[in-house]
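S.K.: here you go, sequence then predicted model.
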Amino acid sequence: MRSIYLDNAATTALSPAAKQAMLPYFDGIFGNPSSLHTWGQQASAALQDARERIALCLGADPKEITFTSGGSEADNQAIFSAAMAGAARGKQHIVSSAIEHHAVLYYLASLQTQGFDVTILPVEPGTGLVRPADVAAALREDTCLVTIMFANNEIGTIQPIAEIGALCRQRKIPFHTDAVQAVGHVPIDVRALRADYLSLAGHKFHGPKGVGALYCRKGMPLRSLLLGGAQERGHRAGTENLPAIMGMASALEESLALLGQTDAVMVPLRDRLIARLRDIPRARLNGHPTLRLPNNVNFCFEGVEGEALLLLLDAQGIAASSGSACTSGSLDPSHVLLALGLPHEIAHGSLRLTLSRYITEADIDYTAEAILQVVERLRAMSPVWERITADR
């Protein structure tokens with residue numbers, strides 16, 4: 001039986017280059033970067049090297065990079081920093097969108113209990129695009145932050161971030177973008193985007209889990225979520241995870257170096273899979289048809305439950321998901337698909353397939369055929385599908 005991993009939006013396999021980059025820092029250069037002795041200074045030099053390399057990949061200054069435990073922490077820290085700075089000036093209004101990752105939405109909900117006013121913008125039905133005009137209309141004198149994700153983790157839609165960033169910069173309103181799904185998959189220049197804060201996570205581009213980074217533009221407020229030490233220039237207490245940081249830097253450099261080559265192969269494979277799945281009756285592509293991540297395919301199949309679809313595909317050696325990995329245990333339909341305007345019964349039948357640079361055309365064809373067979377099998381035993389076809 002074939003083994004095909006198509007859940008790369010959840011996490012990616014560690015690349016050999018990233019693994020090799022990590023090895024010396026487990027038992028060779030193992031000192032604490034905050035220590036003054038030789039072992040510590042060797043580690044500190046490596047940490048600075050990684051910071052410089054990641055900054056270069058983003059078009060940032062090394063002093064603008066703070067290492068975190070991942071994307072969720074980076075999101076939380078950016079929002080916390082801007083919100084507290086805003087509150088100190090009597091500004092407690094935040095603008096976001098209905099399809100943000102829960103690392104953003106849950107933190108915003110927490111701020112609402114503390115007196116903040118949050119405007120959640122709708123997205124364009126079907127595509128999931130945030131309209132810059134809607135952002136502009138939502139801005140107020142007391143707006144202290146706009147936070148809009150770069151690319152959605154479920155449907156892959158890429159937002160007009162540069163346009164939104166320019167709008168916020170013109171109004172002198174801090175702008176954060178959760179770029180966890182985008183970094184390593186599309187070119188990113190924080191200056192061109194007019195981003196004040198940008199979050200990323202290593203395990204989304206073939207780096208290790210448990211490590212991420214937050215870009216914070218020079219001059220913007222940055223408060224520590226963790227207290228107890230002066231690490232990361234006082235922006236994050238706790239000894240830095242040096243092996244993971246070195247692996248993340250290597251993985252990001254490798255992903256960007258291979259970007260053109262990867263896209264030349266991956267985009268046609270993505271489009272080939274989309275074309276095959278569109279042939280299935282009552283199949284619906286979710287997200288923007290062209291403004292989407294090069295590796296993202298998201299469909300709903302009427303009359304089919306997403307969980308059953310995943311289990312039967314897994315039995316055929318195919319790993320996929322029915323939405324965000326962070327909510328895979330939930331029985332509720334995806335908040336992203338509901339925001340697109342899909343009814344509950346259709347949103348329950350979602351399937352997310354996310355490719356990597358290791359996927360082949362044979363993998364895509366096998367997957368497409370397997371999905372066709374599984375959908376037919378599930379519909380054959382589904383009373384819901386019987387009702388749907390009877391209503392035609």
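M.R.: Received, thanks.

S.K.: so what pLDDT did residue 1 get?
M.R.: Residue 1 carries a pLDDT value of 77.

S.K.: how about the contacts made by it?
M.R.: If you count contacts by Cβ atoms under 8 Å, 6 or more residues apart in numbering, residue 1 has them with 316-317. The way it works is simple: take the backbone N, C-alpha and C, and place the C-beta from them, glycine included.

S.K.: how close does it get to residue 316?
M.R.: Look at residue 1 and residue 316: by Cβ to Cβ, to the nearest Å, they are 7 Å apart.

S.K.: what of residue 152?
M.R.: Distance, residue 152 to residue 316, by Cβ to Cβ: 27 Å.

S.K.: of those two, which one has the most company?
M.R.: In this view residue 152 and residue 316 are compared by other Cβ atoms under 10 Å, and residue 152 has more residues nearby, 32 against 17.

S.K.: surely that one meets residue 336?
M.R.: Yes. Under the criterion of Cβ atoms under 8 Å, residue 152 makes contact with residue 336 at 6.3 Å.

S.K.: overlap in contacts, those two.
M.R.: In the contact map built from Cβ under 8 Å, 6+ apart, the residues linked to both residue 152 and residue 336 are 99, 128.

S.K.: state the distance from residue 87 to residue 284.
M.R.: As judged by Cβ to Cβ, residue 87 and residue 284 stand 42 Å apart.

S.K.: compare the two (neighbour count), which wins?
M.R.: Set side by side, residue 87 and residue 284 give different neighbour counts by other Cβ under 10 Å, the larger being at residue 284 (19 against 15).

S.K.: quick one: that one is in a helix?
M.R.: No. For residue 284, which was evaluated using DSSP: H, G, I helix; E, B strand; the rest coil, the result is strand, with no helix membership.

S.K.: the nearest residue to it once chain neighbours are set aside: what's it in contact with?
M.R.: Leaving out its chain neighbours, the residue that sits closest to residue 284 by Cβ to Cβ, 6 or more residues apart in numbering is residue 300, at 4.6 Å. For residue 300, the residues meeting the contact criterion (Cβ under 8 Å, 6+ apart) are 283-284, 286, 337, 342, 346-347, 349-351.

S.K.: pLDDT and distance to residue 380 added to those, as TSV?
M.R.: Formatted as TSV, the entries for the contacts of residue 300 read as follows, by pLDDT from 0 to 100; distance: Cβ to Cβ, whole Å:
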residue	pLDDT	distance to residue 380
283	96	16
284	96	20
286	98	24
337	96	25
342	95	23
346	89	19
347	90	22
349	86	15
350	93	20
351	96	18
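
S.K.: closest one to residue 259 out of the residues you listed, please.
M.R.: Of all the contacts of residue 300, residue 286 has the smallest distance to residue 259: 24.7 Å, by Cβ to Cβ.

S.K.: quick check: closest non-adjacent residue to the closest one.
M.R.: The shortest distance from residue 286 to any residue that is not its chain neighbour, by Cβ to Cβ, 6+ apart, is 4.3 Å, and that residue is residue 298.

S.K.: tell me which element that neighbour falls in.
M.R.: Secondary structure here is read from DSSP states H and E; on that basis residue 298 sits in strand 296-301.
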